[in-house]
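>>> build me a model:
(chains A and B)
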2 protein chains.
Amino acid sequence: MTDKDIPFSTQEYHRRIAKTRHAMQAAGIELLFVTDPSNQAWLTGYDGWSFYVHQGVLLSLDSDPIWWGRYMDSIGAKRTCWMDDTCIHGYGDQFVQSTDRHPMQPLADLVKSLGKGSARIGVEMENYYYSAKAHSVLTSNLPDARFVDATALVNWQRLIKSEEEIHFIRKAARISEKVMHTAIDRAAPGVRKNELVADIYHAGLTGVDDIWGDYPAIVPLTPSGLDATAAHLTWNGAPMRAGEATFFELSGCYRRYHAPLCRTVYLGTPPQDMRDAEQAQLEGIAAGLEAARAGNRTCDIANAFIDVLKKHGIHREGRCGYPIGLSYPPDWGERTASIRSEDTTILEPGMTFHFMPALWMDTWGLETTETILIQPNGAAETLCNVDRKLFSKD
Amino acid sequence: MTDKDIPFSTQEYHRRIAKTRHAMQAAGIELLFVTDPSNQAWLTGYDGWSFYVHQGVLLSLDSDPIWWGRYMDSIGAKRTCWMDDTCIHGYGDQFVQSTDRHPMQPLADLVKSLGKGSARIGVEMENYYYSAKAHSVLTSNLPDARFVDATALVNWQRLIKSEEEIHFIRKAARISEKVMHTAIDRAAPGVRKNELVADIYHAGLTGVDDIWGDYPAIVPLTPSGLDATAAHLTWNGAPMRAGEATFFELSGCYRRYHAPLCRTVYLGTPPQDMRDAEQAQLEGIAAGLEAARAGNRTCDIANAFIDVLKKHGIHREGRCGYPIGLSYPPDWGERTASIRSEDTTILEPGMTFHFMPALWMDTWGLETTETILIQPNGAAETLCNVDRKLFSKD
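Numbers count the residues shown, from 1 in each chain, chains lettered A, B, ... in the order given. Sure, this is the predicted structure:
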């Protein structure tokens, strides 16, 4: 126990659990099975690259959370969770990636042994780590339980960050600034993209002073030219070329907390239509930041941005942002509120978003974004300090 | 079209599709919905970090595969898939991470428009990217279809690698050697683990000559001391210490193909029990490699290894390996056969495994592993060339 290095205070974990229990009671849930690795870490501190096998956290209304996973990983759980070792349960390796056995069988037994075999059980129906098969096996092995869709129940509790969490996100932002400056400085005609990404990773993991770098939940996105008209292509070994724009979608990560940031670099003199779009985008971002204040809604940010673009003759659809914080692959978004026209979530102080008003056009992409923190009063604070503009290099 | 850079020949993709259709017919499946990103890439070439939203490939018995995903990502699909642009279908952003709409609604419409609304449809029930909710929405929107569990149907077709694929894995192995040598060379008391991982990433992404480095599907695992008794803990900012063992579980990656490799480094003079375990492990690995030959079974490899360990008084349970090749996060294993006592898959030439007979003891972990290629005759070939031993450094 003595050499455990838990990221947050015990009060912080108790605060999170109390908040989650409140939401469980409102939804009539007696036992919550949490499969999202970010939710697991948020509730218990568990941290390991083991989410590729079935694991989860069981939270009832009255006892400490239980971490449940592969026996091999229960050792890691004992080293990273704040709870007592008696709260850690492992299942045997014969259930791992087997065609005739499934980990949800021992999980059902564990639930029964807790006296919850006929409880109302919340499960995260829409989650990478709760497969269709897992749901099918769990429900058929707990025939007396009643299952409730608890997708994003914990995620919503994460929306407003505590002071301790904001402190971590600010540290991640220091790393984000460093990786972005590295990318901009290193970008030049002839530089192979994989070598540039190697430098980005090196900067991000080295971190800043005592802020050591953790792995971001999404790899660096760095597409150039026509590839940058698509949103999510990864790098290859081709050299960067003059006359092309490259967008950098990057995030520093400190103890699983993120502060994503995008900037675009043009090698040469950007064409006029790109410069025009830059002006529209920057004006739209400023309008969005003004609208990003407590009491307003997420749609107000999106609409403020979209309205400015419309004035400039640019039609822009889709989401332009999402909440961020604690995350594991494959996504650094929290998957709750969205910054988009049809989302009416009320903004509150302590919420953190990646405000992501990117433009993907026919022949180029222009990404200029900010990680923002909603303030008690006034416009949102941008957490990363990197010039907000289209960069050009000769 | 002209500047597409598809990793494999058209014949190779047609071979894969013919093989998959054969398995579909054997299972009575008329339409296969493929959600595993590795399976999607294997069939179509699609490559992008977009699997955090719903997407997939539809394969029927008679037409070219259809890539289906978020509209934003259909641009990337047109740039990376071998098929004609008419085979790429995008859905609107209003379905992305929405609480009242789901992407499986437009997918159901697409299936109906293909005249397959009452077909026997195979779905990958056990997959990170096919959630319980996705299955629920898809089945309720296709009431006339009959659904069949096609988990790992495509994965099994990937088990024997083509010459083109083995060529890629050999390239990945060159990178694996480089990253492992980097880790061993850089390990020293006082070196912060995150800085060591920064160097590992830099080496891996820079690659070797024209072999550019892609991102591995698992981050470098580099735990030291007691953390190394757990299998899957990631790094932090603490300095390495004399008198501790660190295991390195790493893989180079070339165009999504992997060649995982583990070695262990002790800073100082390893204790005798660790040296004894090293001898047992190396002798067990040699026995496993001898058993890893065409005609034998996967369990023969595991049992050969376990028997040697038993002779040395070490009880070892669990899997000691899995097939590897093309992969996306969160796992670089193929999730079909396992190298374990109860698995009876017949070994065939062209199969590639990560033979992973690691030992996790009470106070240290010892990982020494090999990526192996099953040969037409004789023992397996190890694809990485790094001394097989416990490294010690003063």
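
>>> so what's the gap between the helix or strand hosting A:Val111 and the chain middle?
Element membership for A:Val111 (DSSP states H and E) is helix A:104-113. Centre-to-centre, helix A:104-113 and its host chain are 30 Å apart (Cα atoms, centre = their mean, to the nearest Å).

>>> what packs against whichever helix or strand comes after it?
Remark: after helix A:104-113, the chain's next helix or strand is strand A:120-123, criterion DSSP H and E. Contacts defined by 3 or more Cβ pairs under 8 Å, 6 or more residues apart in numbering or on different chains; DSSP states H and E place strand A:120-123 against strand A:31-34, strand A:146-149. For every residue, glycine as well, the C-beta is placed using N, CA and C.

>>> returning to what we had before: can you tell me what sits against the helix holding A:Val111?
A:31, A:33, A:54, A:56, A:58, A:66, A:68, A:89, A:91-92, A:95, A:117, A:119, A:121, A:134, A:137-138, A:141-142, A:145 (Cβ atoms under 8 Å, 6 or more residues apart in numbering or on different chains).

>>> output that helix as PDB, restricted to C-alpha atoms.
Taking C-alpha atoms only, helix A:104-113 is exported to PDB below (Å, rounded to 0.1, in the frame of the first residue of the first chain):
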ATOM      1  CA  MET A 104     -19.300 -12.200 -18.300                       C
ATOM      2  CA  GLN A 105     -19.900 -15.700 -16.800                       C
ATOM      3  CA  PRO A 106     -17.600 -15.100 -13.800                       C
ATOM      4  CA  LEU A 107     -18.900 -11.500 -13.600                       C
ATOM      5  CA  ALA A 108     -22.500 -12.800 -13.200                       C
ATOM      6  CA  ASP A 109     -21.300 -15.100 -10.400                       C
ATOM      7  CA  LEU A 110     -19.600 -12.200  -8.700                       C
ATOM      8  CA  VAL A 111     -22.800 -10.100  -8.900                       C
ATOM      9  CA  LYS A 112     -24.800 -13.000  -7.400                       C
ATOM     10  CA  SER A 113     -22.300 -13.400  -4.600                       C
END
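
>>> could I have the CA atoms of stretch A:132-149 written out in PDB?
Presented in PDB, the C-alpha positions along stretch A:132-149 are these (Å, rounded to 0.1, in the frame of the first residue of the first chain):
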ATOM      1  CA  ALA A 132     -23.000  -7.000 -28.000                       C
ATOM      2  CA  LYS A 133     -21.800 -10.400 -26.900                       C
ATOM      3  CA  ALA A 134     -20.900  -9.300 -23.400                       C
ATOM      4  CA  HIS A 135     -24.400  -7.900 -23.000                       C
ATOM      5  CA  SER A 136     -25.900 -11.100 -24.300                       C
ATOM      6  CA  VAL A 137     -23.900 -13.300 -22.000                       C
ATOM      7  CA  LEU A 138     -24.300 -11.100 -18.900                       C
ATOM      8  CA  THR A 139     -28.100 -10.800 -19.200                       C
ATOM      9  CA  SER A 140     -28.600 -14.500 -19.900                       C
ATOM     10  CA  ASN A 141     -26.500 -15.400 -16.800                       C
ATOM     11  CA  LEU A 142     -28.400 -13.000 -14.600                       C
ATOM     12  CA  PRO A 143     -32.000 -13.900 -15.600                       C
ATOM     13  CA  ASP A 144     -33.500 -12.300 -12.400                       C
ATOM     14  CA  ALA A 145     -31.800  -8.900 -12.800                       C
ATOM     15  CA  ARG A 146     -33.400  -6.000 -14.600                       C
ATOM     16  CA  PHE A 147     -31.000  -4.200 -17.000                       C
ATOM     17  CA  VAL A 148     -31.100  -0.500 -17.500                       C
ATOM     18  CA  ASP A 149     -29.100   1.500 -20.200                       C
END
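
>>> are that stretch and chain B in contact anywhere?
Yes - under the criterion of Cβ under 8 Å from any Cβ of the partner chain, chain B is reached by stretch A:132-149 at A:132-136, A:149.

>>> ranking these by neighbours, who comes first?
Neighbour counts for the residues of stretch A:132-149 next to chain B (other Cβ atoms under 10 Å in any protein chain shown) peak at A:Ala132, which has 26 neighbours.

>>> show the pLDDT at A:Thr2.
Note on A:Thr2: pLDDT of 50.

>>> before we move on, back to that, buried deepest among the helices and strands packed on strand A:120-123, which one?
Greatest average neighbour count among the helices and strands packed on strand A:120-123 goes to strand A:31-34 (a mean of 26), per mean count of other Cβ atoms under 10 Å in any protein chain shown.

>>> what is the mean pLDDT for it?
Averaged over strand A:31-34, pLDDT sits at 98.

>>> the helix or strand just after it packs against which elements?
Remark: after strand A:31-34, the chain's next helix or strand is helix A:37-44, criterion DSSP H and E. For helix A:37-44, the elements it packs on are helix A:10-26, strand A:56-60, helix A:153-157, judged by 3+ Cβ pairs under 8 Å, 6+ apart.

>>> the helix or strand where A:Val179 lies - contacts with which helices or strands?
Element membership for A:Val179, per DSSP H and E: helix A:163-186. Where contact means 3+ Cβ pairs under 8 Å, 6+ apart, helix A:163-186 is packed against helix A:193-206, strand A:245-254, strand A:257-267, strand A:370-373.
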